[in-house]
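> Have a look at this fold, sequence not included:
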């Protein structure tokens, strides 16, 4: 995990000092902003009383990125005068071992500090805002996770790509910010665009590298607000200069300006394929491109519309993802999962918004033939799901939120879902948590009191509850005492529901998997979230919860004989 140095110390009134023991050749990344229009921000690096570097910035509207390599190892101080200089973020790392050790955070301002959730087990950015996962995949020995990121506030703004690596999908080491917005977008904190969502593929050759694909958005740019770019990283730490690969939408399709989230995979014919989300006047569409370039660096040509969804009206299909499920990509018998979100969609039966759909069928490299379709998550807060084929099969992760209950102008620090397998079984798509989540179990809290109807204390609320039913669909009510909402899990004749209500609040959607009749449930609670996996992920429900305190207790009510077993595990990374 990323380490945090001691907080800034205040010396001589307004002068602040950040200190770290730096190995020779280590790098400092810092973002500075002048405290006023006529001032200059300065951050000085000092070793043994000698100044070894000076970083400056003149912009008083947005933080400017600055970097310094410390040639000589040893105790190093970084000082600044708070009357002239505002520091958003400062961290240090050694390039030769940052993949193994992560960055060391020296300073985060109050405005962008992550909430203190020391026992939380979900992935959280070390500072600032986070949304969609990007470029999720294994490159070299590690699993890499990139994500939409604004470092300087807990609000959505100009998009960067954050970056982390893991050996087990659960324990993450934070790395330097990977991808930056263009210089003209970094001048002001006005949210006009940036490096939006995309994907990543390995570079060919023996030494592992990464090619990323992403959307650059610039609000009100003509004729295209959204275009597709690519960049390469040979060190897996930082992206090089980006190049435009799709400068415009395909003509003749009456598409809106929506044209984003390139997802690149190797197709069954050996060619690279790119899916791009868009919409027309009838609904959401997923566009398909391909290239014969073995490096996927250029030569992209438009093939056609791979998939269309008109049921919710003029909604944008975004964050498309396509993975083979039950065989190799080049086997024509292999079924594929096409997963995408429908921004602004609304289910009229339940009121749920921004639905994520999973369509299963066959893909020959140019056309997708649907066999069946289902919702990916009945709680809807597993959005922008992205998957790749790892050693043991497809695995994916999603943003544990969506835009339904929030405004981009409201503080909203979020997490990623638990990583999930993507499986095909008995004509259904299953998304159970990865096997490594069982390693989170620290101790068995209870396996009798919940079963007998007692109220069981959940401590800090970071728990897994496992319920085995005596028969498929056997009814029960599981109630939680949560500090901010009415929360529970219910199984009845209508199906499986997350009971979620805000006292004296507005009317909320019903989070229900209609008709579900599971026999086993795994319920994961953490500060700010609940995730339900019924029958090994046949029905999965994810809901973000307000605040950063966990549920305090649980009580189970069920007709006699309905519940065969119930256990609660304390979880911790």
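Yep, that arrived. A quick note: this is a predicted structure, and the numbers were derived from the prediction, not measured.
> Low-confidence bits of the stretch 301-450 of the chain, can you list those?
406-411 (pLDDT under 70).
> mind listing the strands for it?
In the stretch 301-450 of the chain, strands defined by DSSP state E, counting those that start in this stretch lie at 301-309, 316-324, 336-343, 356-363, 368-375, 383-390, 393-399, 420-421, 423-425, 428-430, 441-446, listed in chain order.
> Now mean neighbour count and distance to residue 463 too, for the ones you listed, in CSV please.
For every residue, glycine as well, the C-beta is placed using N, CA and C. Shown next, in CSV, are the strands of the stretch 301-450 of the chain (neighbours: other C-beta atoms under 10 Å; distance: least, C-beta to C-beta, whole Å):
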stretch, mean neighbour count, distance to residue 463
strand 301-309, 16, 37
strand 316-324, 25, 30
strand 336-343, 25, 29
strand 356-363, 20, 26
strand 368-375, 14, 26
strand 383-390, 24, 24
strand 393-399, 23, 21
strand 420-421, 24, 19
strand 423-425, 17, 25
strand 428-430, 19, 23
strand 441-446, 15, 7
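> who's in contact with residue 129?
112, 148, 149, 150, 153, 154, 155, 156, 157, 412, 413 (C-beta atoms under 8 Å, 6 or more residues apart in numbering).
> for residue 478, same thing?
465, 467, 488, 489, 490, 523, 554, 555, 556, 557 are the contacts of residue 478 under C-beta under 8 Å, 6+ apart.
> For PyMOL, what selects the buried ones among those?
Those of these that count as buried under 16 or more other C-beta atoms under 10 Å are selected in PyMOL with:
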select buried, resi 465+467+488+489+490+523+554+555+556
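> Out of the contacts of residue 478, the closest to residue 458 would be?
The closest of these to residue 458 turns out to be residue 554 (C-beta to C-beta; 5.9 Å).
> Does the closest one touch residue 480 like I think?
Yes - the pair residue 554 / residue 480 is scored as a contact, 5.4 Å apart, by C-beta atoms under 8 Å.
> Overlap of the contact sets of the two?
Common contact partners of residue 554 and residue 480 (C-beta under 8 Å, 6+ apart): residue 458.
> one step back: identify whichever of the strands of the stretch 301-450 of the chain lies nearest to residue 471.
strand 428-430 (19.5 Å).
> Which strands border that closest one, and is each parallel or antiparallel?
strand 423-425 (antiparallel) (DSSP bridges).
> how far is the strand it pairs with from where the chain is centred?
Offset of strand 423-425 from its chain centre (C-alpha atoms, centre = their mean, to the nearest Å): 23 Å.
> returning to that earlier point: mind putting the strands of the stretch 301-450 of the chain in JSON lines, distance to residue 272 included?
Below are these laid out as JSON lines (distance: least, C-beta to C-beta, whole Å):
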{"stretch": "strand 301-309", "distance to residue 272": "11"}
{"stretch": "strand 316-324", "distance to residue 272": "12"}
{"stretch": "strand 336-343", "distance to residue 272": "16"}
{"stretch": "strand 356-363", "distance to residue 272": "14"}
{"stretch": "strand 368-375", "distance to residue 272": "16"}
{"stretch": "strand 383-390", "distance to residue 272": "14"}
{"stretch": "strand 393-399", "distance to residue 272": "18"}
{"stretch": "strand 420-421", "distance to residue 272": "25"}
{"stretch": "strand 423-425", "distance to residue 272": "24"}
{"stretch": "strand 428-430", "distance to residue 272": "25"}
{"stretch": "strand 441-446", "distance to residue 272": "41"}
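> before we move on, the earlier item: top of the contacts of residue 129 by neighbour count?
residue 149 (26 neighbours; other C-beta atoms under 10 Å).
> Next up, the contacts around that residue.
125, 128, 129, 130, 159, 160, 161, 162, 177.
> Tell me which strands the helix or strand where it lies pairs with, and in which orientation.
In this assignment (DSSP states H and E), residue 149 forms part of strand 142-150. When pairing is defined by DSSP bridges, strand 142-150 lines up against strand 129-139 (antiparallel), strand 160-166 (antiparallel).
> re earlier: for the contacts of residue 478, work out which two are farthest apart.
523 and 557 (15.1 Å).
> could you check the distance from residue 272 over to residue 166?
26 Å (C-beta to C-beta, to the nearest Å).
> about what we covered before: is it possible to get TSV of the strands paired with strand 142-150 that adds mean pLDDT and distance to residue 47?
What follows is those, written out as TSV (pLDDT from 0 to 100; distance: least, C-beta to C-beta, whole Å):
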stretch	mean pLDDT	distance to residue 47
strand 129-139	97	34
strand 160-166	98	28
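> can you redo those as a markdown table with distance to residue 322?
Compiled in a markdown table, the strands paired with strand 142-150 are given as follows (distance: least, C-beta to C-beta, whole Å):
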| stretch | distance to residue 322 |
| --- | --- |
| strand 129-139 | 13 |
| strand 160-166 | 21 |
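> Which single one of the contacts of residue 149 is nearest to residue 475?
Of the contacts of residue 149, the one sitting nearest to residue 475 (C-beta to C-beta) turns out to be residue 130, at 37.8 Å.
> Would you check that the closest one makes contact with residue 161?
No - shown here, residue 130 and residue 161 do not form a contact pair, counting by C-beta under 8 Å, at 10.5 Å.
> Quickly list what's touching both of these two.
147, 148, 149.
> Distance to residue 91 and pLDDT for those residues - can I get that in TSV?
Shown next, in TSV, are the shared contacts of residue 130 and residue 161 (distance: C-beta to C-beta, whole Å; pLDDT from 0 to 100):
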residue	distance to residue 91	pLDDT
147	17	98
148	19	98
149	14	98
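> Save those as CSV, and put in distance to residue 42 too.
Below are those laid out as CSV (distance: C-beta to C-beta, whole Å):
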residue, distance to residue 42
147, 31
148, 31
149, 26
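> Out of the strands of the stretch 301-450 of the chain, the one nearest residue 61 is which?
strand 393-399 (28.3 Å).
> what does the closest one contact?
123, 130-133, 136, 145, 169, 321, 323-325, 337, 339, 356, 377, 382-388, 414, 416-423, 431, 434, 542.
> for the most centrally placed residue in the chain, which residues make a bridge with it?
Centroid-nearest residue in the chain: residue 133, 3.4 Å away (criterion: C-alpha atoms, centre = their mean). Residue 133 has the following beta-bridge partners by DSSP bridges: residue 147.
> Touching, it and residue 416? I think so.
Yes - with contact defined as C-beta under 8 Å, residue 133 reaches residue 416; the gap is 6.1 Å.
> anything in contact with each of those two?
Any residue near both residue 133 and residue 416 by C-beta under 8 Å, 6+ apart counts here, and that gives 145, 147, 397, 398, 399.
> In CSV: these, plus distance to residue 40.
Shown next, in CSV, are these (distance: C-beta to C-beta, whole Å):
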residue, distance to residue 40
145, 37
147, 33
397, 42
398, 43
399, 38
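> from those residues, which is closest to residue 439?
residue 397 (17.1 Å).
> in what helix or strand does residue 513 lie?
Short version, using DSSP H and E: residue 513 is in strand 511-514.
> Buried residues in that strand, which are they?
511, 512, 513.
> and residue 346, what is it in contact with?
By C-beta under 8 Å, 6+ apart, the neighbours of residue 346 are 312, 352, 353.
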